[in-house]
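K.L.:
Structure for this input, please:
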Amino acid sequence: MSTPLSGKLALVTGASAGIGRATALALAEAGARIIATGRRKVELESLARQCGGAGIEIVAGDLNDARFALELAERARSVDILVNNAGILKYAPLLDMTNSDCEDMFRTNVLASFRITMAVARSMVELRRGHIIVMTSIAAREVYRLDVVYCATKHALSAFARGLRLELQGHGIKVTEIAPGMVDTDIRAGSDHPGVIAALKSRTFEALIPAEVAAAVVYAAGAEPNCCPDLIELRPQGSAA
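P.N.:
The predicted structure is shown next:
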């Protein structure tokens, strides 16, 4: 039976957990073949088993490693969809943030995303087709206490996505930015500042779950050829400020 993404090949980064894992599962259910990458091999193997093993290839590695990123892009030369999802987050008051914290977030959220996207985009230009889906955040348009550096990385990634759209649309390539609000994942596990813990406990709304974000990816990837969802913002009900 034909499904919306039958015959498509998707590369999903950050697929070992959270939004990336849910996205790989949702795209596979929609009929796509998957190349799933992330740093944790055991979790990727679990993902492959959950997908039934068929139609999914796992590639463990760190996108901060330029050599690995180029090898991955070569492996995905015929990819139809890139879901650029890998990212890290550390909450803390700005003056308590270390240089290392800042560098780590910019390195992973911006520079590694740039590296893999540029490599995959060059192959898409040669094929004159493709769809790049960039996972940013509501934080790409706002600035919040306790996550200023993360907001800065997402602002940069959003500008990158918009620039990609301008430069690649003439080559038949779509670019979609998906910007979720708070999502219930393990990304906050390393944020142990007392002020952050208190702020998270005081929230008055229920966070999104990864599957809800993954559904937006499937919608964008399955849009009609002449329809490019440029920006999809997702907020938990009751979280609007």
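K.L.:
hey, let's count contacts and neighbours off CA atoms from now on
P.N.:
Fine.
K.L.:
residues near the residue nearest to A211 when sequence neighbours are not counted, how many?
P.N.:
Distances taken as C-alpha to C-alpha, 6 or more residues apart in numbering place A22 nearest to A211, at 5.4 Å, with adjacent residues excluded. Using other C-alpha atoms under 10 Å, A22 has 21 neighbouring residues.
K.L.:
any idea which element A22 lies in?
P.N.:
helix 18-29 (DSSP states H and E).
K.L.:
Moving C-terminal from that helix, which element do we reach first?
P.N.:
Using DSSP H and E, the helix or strand that directly follows helix 18-29 along the chain is strand 33-38.
K.L.:
on that earlier part again, wait, the residue nearest to A211 sits on P210?
P.N.:
Yes: between A22 and P210 there is a contact at 5.8 Å, judged by C-alpha atoms under 8 Å.
K.L.:
pLDDT score assigned to the closest residue to I232 other than its chain neighbours?
P.N.:
Once flanking residues are discounted, I232 sits nearest to I178: 4.8 Å by C-alpha to C-alpha, 6+ apart. What the model reports as pLDDT for I178 is 98.
K.L.:
Kindly report the same for T204.
P.N.:
In this model, T204 is scored at 63, pLDDT.
K.L.:
Kindly report the same for I197.
P.N.:
We have a pLDDT of 61 for I197.
K.L.:
next one: I187
P.N.:
So I187 comes in at 56 (pLDDT).
K.L.:
Also G52?
P.N.:
As predicted, G52 sits at a pLDDT of 83.
K.L.:
now it: how far from S46?
P.N.:
Separation of G52 from S46 (C-alpha to C-alpha, to the nearest Å) stands at 10 Å.
K.L.:
More neighbours: those two, which one.
P.N.:
S46 (13 against 10).
K.L.:
What strand or helix carries that one?
P.N.:
Here S46 is assigned to helix 41-50, by DSSP H and E.
K.L.:
Just checking, which helix or strand of this structure averages the lowest pLDDT?
P.N.:
Least confident element among the helices and strands of the chain, by mean pLDDT, DSSP states H and E: helix 194-201 (a mean of 59).
K.L.:
Which positions in the first helix or strand past that helix going along the chain come out as buried?
P.N.:
Remark: after helix 194-201, the chain's next helix or strand is helix 210-221, criterion DSSP H and E. For helix 210-221, the neighbour count (16 or more other C-alpha atoms under 10 Å) marks P210, A211, E212, V213, A214, A216, V217, V218, A220, A221 as buried.
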